[in-house]
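> next one to model:
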Amino acid sequence: MPDHERGRPPAVPAWAGGRTGGHLIAVTDGRREMAAHQAARLAAATGGPVTVALLSRPPWTAAFDPSALECWRNGDLEIAALTRLSEILDPAGARWRMVTVDGDPVRGILALARRHPPSWVLVPRSRRPFSGRRLASVLRSRHGLPLLLV
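Numbers count the residues shown, from 1 in each chain. Below you'll find the predicted structure:
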């Protein structure tokens, strides 16, 4: 006999924390895809929509390659990110959209969170020491957003 016929509520996955079907905000800067991959998995499991916040800052490679900076200025980075995100999120059946965050990432993410309150904000761990943690700690401690470091 299934659990719902016995009067017990169905089990909720531990990672969901009771927030199934909610909105996800996945933060990415175009170099790390982990937040997008995790968002695809969570969206497929919960059925919730995903907003991908693309941080549009100059690529660190611009110091060594002038063509990288030109690509960033022309908006080619956004087109490449949109194509790659489509390759990641579409096969999972996720409902998603991409929003470019200019300037301060905290303000941009907070503006998104005010418009569409998220169940989770996925922040990538950075290869550079403390940079991903700083963004995560500000979003969590000062603004109380529910975070997943990926």
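> now do stretch 43-51, average pLDDT.
Per-residue confidence for stretch 43-51 averages out to 89 on the pLDDT scale.
> quick one: end-to-end length of it, please.
Counting by Cα to Cα, to the nearest Å, the length from the leading to the trailing residue of stretch 43-51 is 11 Å.
> outside of it itself, list whatever touches it.
Contacting residues not belonging to stretch 43-51 are listed as 13, 16, 19-26, 39-40, 42, 89, 92-99, 112, 116, 118-119 [Cβ atoms under 8 Å, 6 or more residues apart in numbering]. (C-beta placed from N, C-alpha, C; glycine too.)
> inside helices: which ones of those residues?
A39, A40, L42, L89, L112 (DSSP state H).
> tell me the SS of L85?
Counting by DSSP: H, G, I helix; E, B strand; the rest coil, the backbone at L85 sits in helix.
> how far away is it from R32?
Between L85 and R32 the distance is 12 Å, computed by Cβ to Cβ, to the nearest Å.
> which one of these two has more residues nearby?
Here L85 and R32 are set side by side on neighbour count (other Cβ atoms under 10 Å), and the busier one is L85, at 24 against 16.
> just checking, the more buried one touches W96?
Yes - counting by Cβ atoms under 8 Å, L85 sits close enough to W96 to count as a contact (7.2 Å).
> and for the two, which residues touch both?
Shared contacts of L85 and W96, counting by Cβ under 8 Å, 6+ apart, come down to V52.
> how many other residues sit next to T83?
9.
> let me fix that: A26
A26 has 33 neighbouring residues, counting by other Cβ under 10 Å.
> report the beta-bridge partners for it.
Applying DSSP bridges to A26 gives these bridge partners: V52, L122.
> need the contact list for it.
With contact set as Cβ under 8 Å, 6+ apart, A26 has these partners: A35, A36, Q38, A39, V50, T51, V52, A53, V121, L122.
> for burial, what's the neighbour tally of the fifth one?
The burial count assigned to V50 is 24, neighbours taken as other Cβ under 10 Å.
> just want the phi and psi numbers for it.
Here the main-chain torsion angles of V50 (degrees, to the nearest 10) amount to phi -130, psi 130.
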